[in-house]
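Enquirer: everything below, folded, please.
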Amino acid sequence: MKGKIIHRQFYDYPVEKVWHALTDSEAMSQWLMPCNIEPILNHEFQFTTDTTSGFDGTIHCKITEIEDRRILAFSWSAGTMKDTMVVFKLNSVNGGTQLDFTHSGFQGFINRLLARFVLGKGWKSRILKVELPAYLEKIAST
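Expert: Down below sits the predicted model:
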């Protein structure tokens, strides 16, 4: 979809475990990027990653919607990508969790290309399919 990344993923873990992975700063720092998220409406937080030309490695975010164990939405601004939105929606399905993910609001040709090729591939192929499940498996075995 133009200017939007959409992905649906099922995890064989209860909603409580997935919610913890999304809203706990230590947890999210392990499977996504170092961050200081707190599950509080209007909380401003940052992710930190490697720097590149024109990007200082900081992603600025603000929680815009939160519904316990159901919805986490936050703004995402980094480099030339200003005011994009990340939304995680969780539903309990057969003892597991269906996650509906959206990253939207990419403005301009370059940002839409970045969304489709770089961020889209990262979210869909690595982060939500490999990194998050590996973290959930790790905490399930402890």
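
Enquirer: mind listing what K17 touches?
Expert: K17 sits next to 11, 97, 136, 139-140 when contact means CB atoms under 8 Å, 6 or more residues apart in numbering. C-beta: built from backbone N, CA, C; applies to glycine.

Enquirer: can I get the helix or strand hosting T97 as CSV, trimmed to CA atoms?
Expert: Element membership of T97 [criterion: DSSP states H and E] is strand 96-104. Extracted C-alpha coordinates of strand 96-104, given in CSV (Å, rounded to 0.1, in the frame of the first residue of the first chain):
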residue,chain,number,x,y,z
GLY,A,96,-2.2,-17.0,21.1
THR,A,97,-2.0,-13.5,19.9
GLN,A,98,-2.8,-12.0,16.5
LEU,A,99,-0.9,-8.8,16.0
ASP,A,100,-2.0,-6.3,13.4
PHE,A,101,0.8,-3.8,12.7
THR,A,102,0.7,-0.6,10.7
HIS,A,103,3.4,2.0,10.1
SER,A,104,1.8,4.9,8.2
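
Enquirer: what's the helix or strand following that strand packed up against?
Expert: Later in the chain than strand 96-104, the nearest helix or strand by DSSP H and E is helix 109-114. If contacts are counted by 3 or more CB pairs under 8 Å, 6 or more residues apart in numbering; DSSP states H and E, helix 109-114 sits against strand 81-93.
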